[in-house]
Structures are given as C-alpha cells and as structure tokens.
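Q: Give me the fold of what follows.
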Amino acid sequence: MEKNQIVYGLRPVMEAVKAGKQIDKIYFQSNLQGKLFSELKALIKQSGKNIQQQYVPLEKLDYLSRKQNHQGVVAQLSNIEYWELEELFEHIDATGENAFLVYLDNVTDVRNLGAIARSAECAGANGLIIPQQGSAPINQDAIKTSAGALLRLPVCKINNIKTFINTIKAHDVRIYSASEKANVLYTQMKATEPLMLVMGSEENGVSPTMIKMSDELVKIPLKGEIESLNVSAAASVLLFEIVRQRLGI
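A: The predicted model follows:
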C-alpha cells in the first residue's frame with residue numbers, strides 16, 4: 001500500500017470524510033473510544049456513503065501507517081472515483097445505447113477483477129458494478145492488471161443487493177448470470193437487449209441470492225476434465241459473445 005493512499009489520525013480522517021474524499025475502508029483500533037472517535041463515527045454515518053469499517057489490532061494499524069501516530073484510525077483512500085448507479089444510467093441514456101453492465105458477485109482476486117475490467121472496457125461495457133462488502137479492492141495491482149481500464153470504465157459500488165436489483169429491473173435491464181448449472185448456452189443470450197452480465201466468485205460462483213434474482217442462467221460448454229474456467233477467462237468469452245451479437249456478426 002502506497003503512503004499517499006492512506007490518511008491516518010482522528011482529525012485528518014474526519015477532514016477526509018467532511019471533504020467527501022472517496023474512502024474504501026476505515027480501520028479502527030479495537031476498543032477505541034473517546035469524543036473524537038464518536039464524532040468521526042457520526043460523520044461517517046451522516047455522509048451516507050456506507051464506508052466499510054473494520055476493527056483491527058494495533059499491529060495492523062502500525063503496519064498500515066508505517067508506525068506513524070495514527071491515534072487508532074487509518075483510512076484507505078480509493079484509487080478511483082466511484083459512480084452512483086443512477087448517475088451511470090443517466091450516462092447510458094445520454095449515449096442512446098442499450099445498457100451493457102457487468103456485476104462481479106464477490107470476486108475477491110484483484111487480478112481477476114482487473115482482467116475482467118480490461119475485457120469489459122474492450123467490449124464496450126457501460127460500467128462495472130461491485131458489492132461494498134466481499135469484493136477485491138480496486139488497488140494498484142487491480143489497476144495495473146486492467147491495463148488502466150479501471151481508470152476509464154465507470155465503476156459503481158453497491159451496498160444493498162435487493163435495492164440494487166430492483167433498480168436494475170426498473171430500468172428494464174435483463175440479468176444473465178454465468179453458471180455451470182445452467183441449461184441455456186451463452187450463445188442463446190438475447191445480447192442486443194439491455195443486459196447485465198453477472199460473474200461469480202472464484203470458489204463458489206454466483207451467490208444463491210443473485211441466482212434467484214436473475215432472469216436467465218447461461219453456461220459455456222466444456223469438454224475437458226476440469227469443471228470450470230477461471231472467472232476472468234469465462235467473462236471474456238461471454239463479453240465478446242455480447243459484442244458479436246451487437247455487431248450482428
């Protein structure tokens with residue numbers, strides 16, 4: 001973690017929250033108390049940004065701050081500016097295109113996230129969406145693996161999955177989830193329609209909640225002994241099927 005990616009100390013972190021800085025996560029020392037701590041917690045709540053928070057041992061904070069006077073608080077700043085979901089839809093509407101979104105359902109490997117972002121940007125996707133909790137961080141490794149795509153592709157973070165899905169469906173976007181248990185081949189997607197492609201975690205695939213809320217499950221046929229592709233490889237296959245259909249080739 002680069003030093004310029006963090007802010008440490010109670011008052012500096014409070015100022016970062018007040019200034020509306022994009023903050024990925026705030027680490028608090030276990031059992032931290034006091035007036036300034038209470039004020040910081042209140043500011044985070046008032047910001048309405050659902051900033052991820054975690055209580056950790058002192059040693060973790062010493063490591064993150066390189067043993068500076070962190071006062072029990074270290075904030076990790078975002079490497080990118082996140083978009084609001086409705087802001088993204090306004091942007092899509094302005095282009096006149098049918099929505100082409102990618103949702104990463106608890107993809108935790110930064111290199112897979114970066115590789116998928118690179119493929120999504122090359123495929124002309126309108127945006128990448130990740131959950132607030134349980135996703136790989138968009139750090140320098142992810143940005144490097146994406147070949148800079150994460151600096152170009154709009155990225156949204158969502159906190160409530162049901163609210164998120166209701167918003168997606170309110171915009172008439174069809175949800176396709178990749179699953180080896182599907183009965184429909186990926187080539188049977190109606191990819192010229194507004195859609196969101198869902199790719200699941202490396203270990204567990206798409207979550208049961210997301211499976212239930214999907215309009216269609218699609219699969220890539222496999223002939224070998226290994227049961228599944230790497231998630232970034234699978235995403236590339238599906239993304240460029242969407243491109244093929246949209247180009248009419």
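
Q: all strands of the protein, in order?
A: According to DSSP state E, the chain carries its strands in the segments 6-8, 23-29, 52-56, 73-77, 100-105, 127-131, 155-158, 174-178, 184-185, 195-200, 216-219.

Q: out of the ones you listed, nearest to Trp83?
A: Trp83 lies closest to strand 155-158 among these, at 5.1 Å (CB to CB). Bear in mind the C-beta positions are built from the backbone N, C-alpha and C, glycine included.

Q: pLDDT (mean, whole number) over that closest one?
A: Mean pLDDT, strand 155-158: 94.

Q: Check which residues of that strand are buried.
A: Buried residues in strand 155-158, counted by 16 or more other CB atoms under 10 Å: 155-158.

Q: which of these lies closest to Ile23?
A: Within the buried residues of strand 155-158, distances to Ile23 taken as CB to CB reach their minimum at Lys157, with 11.1 Å.

Q: contacting residues around that closest one?
A: 50, 82, 129-132, 135 (CB atoms under 8 Å, 6 or more residues apart in numbering).

Q: Can you lay out the strands of the chain as TSV showing distance to Val237?
A: Converted to TSV, those look like this (distance: least, CB to CB, whole Å):
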stretch	distance to Val237
strand 6-8	38
strand 23-29	30
strand 52-56	32
strand 73-77	33
strand 100-105	13
strand 127-131	17
strand 155-158	22
strand 174-178	9
strand 184-185	11
strand 195-200	11
strand 216-219	10
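
Q: Tell me which of those lies nearest to Asn230.
A: Closest among these, using CB to CB: strand 195-200, at 10.7 Å.

Q: Paired strands for that closest one, with orientation please.
A: Strand pairing for strand 195-200, using DSSP bridges, gives strand 100-105 (parallel), strand 174-178 (parallel).

Q: Could I have the CA atoms of that strand written out in PDB?
A: The C-alpha coordinates for strand 195-200 follow below in PDB (Å, rounded to 0.1, in the frame of the first residue of the first chain):
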ATOM      1  CA  LEU A 195     -28.500  -6.500 -20.000                       C
ATOM      2  CA  MET A 196     -26.300  -7.100 -17.000                       C
ATOM      3  CA  LEU A 197     -23.800  -9.900 -17.000                       C
ATOM      4  CA  VAL A 198     -23.100 -11.500 -13.600                       C
ATOM      5  CA  MET A 199     -19.900 -13.300 -12.900                       C
ATOM      6  CA  GLY A 200     -19.500 -15.100  -9.600                       C
END
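
Q: what's the angle from it to strand 127-131?
A: 40 degrees (axes from the mean of the first three to the mean of the last three CA atoms, to 10 degrees).

Q: if we can go back for a sec, of the contacts of Lys157, which is the nearest to Val110?
A: Ser135 (9.7 Å).
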